[in-house]
Structure formats: C-alpha cells, structure tokens
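Student: here is the input, now give the coordinates:
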Amino acid sequence: MNKEQAKGENVIQIKPASGWQFVNWNELKEYRDLFFFMVWRDIKVLYAQTIMGFSWAILQPLIQIVMFTIIFGKVASLPTDGIPYFLFSTVAIIPWTYMSSAMSGSSMSLVSGKAMLGKVYFPRIIFPLTSILSKLVDFSISLLIVVAVMIYYKVPLTLNLLYLPLFVVFMAIVPLGVGLWLSSLAIRFRDVNFAMQFFIRMLMYTAPVVYAVSSIPDEFKFLYSLNPLVSVIEGFRICLLGGTLDWGFLVPGMVTAVVILVTGALYFKRTEHIVVDVI
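Tutor: From the prediction side, this is the model:
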C-alpha cells in the first residue's frame, strides 16, 4: 500500500442526495447535539441584552389582544358566538403568534444562517427545525395569558382539553411545512424575504382569529376548512372554551397541513445539495 492509497482510505466523501427523498432521520440523529445547541442558541439570543427578557413573550401578544378587543370587539362589534371578545381573541392570538413567528423564522433560516452553511457540513433541515422548536418557548410562556384569562372568566374545563396536544402538534406542523417550502425558495429568490411579512399579515385574516367561524357562509365552509390555520385555531378555541369538535370541519385542514409538510420536506431534500452554491 503506497502513501497515496493510505491517505485515500482516510478521506470521507459527502455527496449530495439526488432525486426525491424524504428526511434522512439517521443523519439527523447523528447531528442531534448540534441541533439542540442551535435551538438553545436561538432561545438565548432572542432576549439577549433585553431589560424585560422573557416578559416580552407575554407583553407582545397581550398588547395585540387588547388592540383587537378594542378595534374588532368594541368598534367593529364582530360576532363571537356569545364569548367575551377578550377571551375569544386570546385563545386564537396565542397559537397564531407562534405560527406567524415560527413561519417567518423558518422561512428565512437558510438565508440568515448562510455564514455557517459553507464552513461545515450538517443536515440543512436543522435550520428550519430550529426556528420551530425555539419558538415553542415563547408559546409556552404566553400560555400563562390563556390560563389567567380563563380563570378570570371562570371557564370550566371539558374533556375537549384532552385533544389540545393534537392541535399543538399541528400548530407546529403548519409553519414547518411552509418554512421548508419557503426556505428552499428563498435561497434562489430573495423576493421571499420581502413578501413574507405581507404574506403572514394576510394569512391572519384567512383564519378565525378576529372573527367566528359561524360568520362564514355555508356554501364556502368546506373550502374554508381546507385552510390548516383554521383547523388549528378553531381546534384551540373548542378545546379551551368548550363546544362540539366537528371533525368533518377540522380534518380537511389537518390533511392540508400534512400535505404541505410532506411535499415541503421532499422539495427541501431535493434542493438541499445546491444551497451552498446558490446562497
């Protein structure tokens, strides 16, 4: 064995995957330490050098809830099916705030992390996943608002609460699926960065955040139910405030969320090998 052959045996070649593939779970498992480090880094950086720290996780959605209550509850007097508007908006704005922030962060994750991409290899899907998990800390803290408001209005707990973890899972699936699609597109088309804020702002009005589902005409109910945001927010509202879980209305949006996630993962994996070259 000559010297060149000996050196060749120590060379590890990393080749990009080709074709349509799903997430490489074994590879992701190998880099789990890096994954957890990046999640923890995002959590620490978010409130670094702030005076109020994690209090912003409560203050930001609380201000939005108060503004919506004044504008849509008092001025516009939108129907809420007999639920006090402050309570009605609280249980919707908390999951919406998580989805919007996680969607924005995951969509621009590759672009914002470009300094790392060309230096060392690791599964690129870690970037959008990091935003999804790190934002759950804010969501968990802001749930204190929901608990406080429900106690104030003396809302009784029902068996529907057992289904809340299911809607929390879909609450994370929606921004992850969208983030996988848009992060892949953002490395090629920087227009995604400019369109994101407008896109997210418009999405809020396609879901029952400020208005009740009952205000949607019956002939449009099925089309409306295909929106995954509708399933998540209406699911949260029913689980926390009571009512009948209409699975015929909720399931179509869940199916849409799964389709977006699966196709987003496939597209992300297909374009993963060009990230460093394009970005």
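Student: what about the longest helix in this structure?
Tutor: helix 126-152 (DSSP state H).
Student: next helix or strand past it?
Tutor: helix 164-186 (DSSP states H and E).
Student: which secondary structure elements does whichever helix or strand comes after that next one sit against?
Tutor: Next along the chain after helix 164-186, taking DSSP H and E as the criterion, comes helix 191-204. Contact analysis of helix 191-204 by 3 or more CB pairs under 8 Å, 6 or more residues apart in numbering; DSSP states H and E lists helix 85-107, helix 164-186 as its packing neighbours. Every residue, glycine included, has its C-beta placed from N, CA and C.
Student: coming back round to it: in the longest helix of the chain, what's buried?
Tutor: For helix 126-152, a neighbour-count test (16 or more other CB atoms under 10 Å) marks 126-139, 142-143, 145-146, 149-150 as buried.
Student: before we move on, the earlier item: between the helices and strands packed on helix 191-204, which gets nearest to Ile233?
Tutor: helix 85-107 (4.9 Å; CB to CB).
Student: off-centre distance for whichever helix or strand comes after that closest one?
Tutor: Next in sequence after helix 85-107, counting helices and strands by DSSP H and E, comes helix 109-112. Remark: helix 109-112 is offset 16 Å from the chain centroid, using CA atoms, centre = their mean, to the nearest Å.
Student: same question for helix 109-112, mean pLDDT?
Tutor: The pLDDT scores in helix 109-112 average 81.
Student: just to check, Met204 is in contact with Met99?
Tutor: No - Met204 is beyond contact range of Met99, at 9.5 Å (criterion: CB atoms under 8 Å).
Student: low-confidence regions, the stretch 101-250 of the chain specifically.
Tutor: By pLDDT under 70, the low-scoring segments of the stretch 101-250 of the chain are 118.
Student: and for Tyr211, the neighbour number?
Tutor: 18 (other CB atoms under 10 Å).
Student: where does it fall, secondary structure wise?
Tutor: Counting by DSSP H and E, Tyr211 is part of no helix or strand.
Student: sorry, back to before: which one of Met204 and Met99 has more residues nearby?
Tutor: Remark: of Met204 and Met99, Met99 carries more neighbours, 28 against 17, as counted by other CB under 10 Å.
Student: dump the residue contacts of that one.
Tutor: With contact taken as CB atoms under 8 Å, 6 or more residues apart in numbering, Met99 is in contact with Met171, Val174, Pro175, Leu229, Val232.
Student: likewise for Phe86?
Tutor: Phe86 touches Ile65, Val66, Thr69, Gly73, Val149, counting by CB under 8 Å, 6+ apart.
Student: may I ask which of these has the most neighbours?
Tutor: Neighbour max across the contacts of Phe86 (other CB under 10 Å) = Ile65, 24 neighbours.
Student: next, count neighbours for Met67.
Tutor: Counted with other CB under 10 Å, Met67 comes out at 12.
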